[in-house]
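In: Sharing a model prediction with you, sequence too.
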Amino acid sequence: MSASSPAQAQDKSAIRQAATVIVLRDAQSVDPKILMGQRGAQAAFMPNKFVFPGGAVDASDAEIPLATPLSAQTLRQLSDQSDPALAPALAVAAIRELWEETGLVLGHPGHWSVPPPADWQSFAEQGYLPTAGALQFVFRAITPPGRPRRFDARFFLLDASAIASDLDDFTAASDELSHLQWIPLSKVRQFDLPFITQVVLAEVSARLPDLTPPASVPFFKNDDEESLFLRLKGATAPEPTPE
């Protein structure tokens, strides 16, 4: 499934599908850490802000095979108020962006049966295939109208123990994020964070140290008509009992 049509690529106000990865390290400790980096001062979207690795879904992401798929619960929740066919591409985008922006590998050792596209070649050269089983869908938010870029972003929580590469080796990272670092949750609010990042952090922090996938996923639906705060449960989740 293509991330956007040529017309959308030229329309900076179009909402693009996107994936973001919250990598959590030492989740069971008294002070877990998360991986963040700083966007450039000249960036059109969230300049100078400290953010999680992530970005827009590319057209080729839908064609990348996953060595292990998303969990059934994650698939159901991603498909709630969304095209189910988009779910694998969102997972692929999350893994690709994590690799591009941090140099960390979420994958299993293996060889690609067909030559990978250009933006996956460096990942494949590490000797890994992308795996999505460890990605936990925890938040969704649409950028409000009026911003220079708009995204329909799915946030995935990832326990750092699932990373196949050295957690402290960022040498393969691109220059899109600077000052990559593991930030203790107790100190993260000292950094310049976007509002939505603060909201997501509060949601994740409230669940720790429990890493059980959430029964429902918060969704800030900021479309052109109204702003809503919803809960995504998936098709098989029970409806709430009326009060």
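Out: The structure has been received and is ready for your questions.
In: Assign a three-state SS to the closest residue to A162 other than its chain neighbours, would you?
Out: Nearest in space to A162, with sequence neighbours left out and distances taken as Cβ to Cβ, 6 or more residues apart in numbering, is A134 at 3.7 Å. Placement of C-beta: from N, CA and C, glycine included. Per DSSP: H, G, I helix; E, B strand; the rest coil, the secondary structure class of A134 is coil.
In: ok, now the one 5 residues further on?
Out: Under three-state DSSP, the three-state class of F139 is strand.
In: List the beta-bridge partners for the closest residue to it other than its chain neighbours.
Out: In space, and not counting its chain neighbours, F139 is closest to F155: 3.9 Å by Cβ to Cβ, 6+ apart. Beta bridges link F155 to T20, F139, judged by DSSP bridges.
In: Tally up the residues packed near F155, please.
Out: Burial of F155, expressed as a neighbour count using other Cβ atoms under 10 Å, amounts to 26.
In: For the protein, give me the ranges with low pLDDT.
Out: Confidence mapping of the chain against pLDDT under 70 gives the ranges 1-13, 41-45, 224-227, 234-243.
In: circling back to that earlier point, check contacts around the residue nearest to F139.
Out: For F155, the residues meeting the contact criterion (Cβ atoms under 8 Å, 6 or more residues apart in numbering) are T20, V21, I22, F52, G54, F137, V138, F139, R140, A141, V200.
In: so how many other residues sit close to the second one?
Out: Spelled out, that is V21. Applying the criterion other Cβ under 10 Å, we find 24 residues in the vicinity of V21.
In: Going along the chain, name the strands of this protein.
Out: Using DSSP state E, the strands of the chain run over residues 15-25, 33-39, 50-51, 54-56, 107-109, 128-130, 136-142, 150-159, 177-184, 217-222, 227-232.
In: what about the nearest residue to D223 once chain neighbours are set aside, how many neighbours?
Out: For D223, the nearest residue in space outside its immediate sequence neighbours is I142; the separation is 6.3 Å by Cβ to Cβ, 6+ apart. Taking other Cβ under 10 Å as the criterion, the count of residues near I142 is 20.
In: follow-up on the earlier one: can you tell me which of the strands of the chain is nearest to S79?
Out: For the strands of the chain, proximity to S79 was assessed by Cβ to Cβ; strand 227-232 is nearest, at 9.0 Å.
In: helices or strands next to the closest one in the packing?
Out: Contact partners of strand 227-232 among helices and strands, from 3 or more Cβ pairs under 8 Å, 6 or more residues apart in numbering; DSSP states H and E: strand 217-222.
In: In this structure T20 contacts F156, no?
Out: Yes: under the contact definition of Cβ atoms under 8 Å, T20 touches F156, with a separation of 6.9 Å.
In: which residues do the two both contact?
Out: Common contacts of T20 and F156 (Cβ under 8 Å, 6+ apart): A94.
In: Using TSV, lay out the strands of the chain together with distance to E63.
Out: Putting the strands of the chain into TSV (distance: least, Cβ to Cβ, whole Å) gives the following:
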stretch	distance to E63
strand 15-25	15
strand 33-39	27
strand 50-51	27
strand 54-56	16
strand 107-109	17
strand 128-130	12
strand 136-142	22
strand 150-159	19
strand 177-184	26
strand 217-222	26
strand 227-232	26
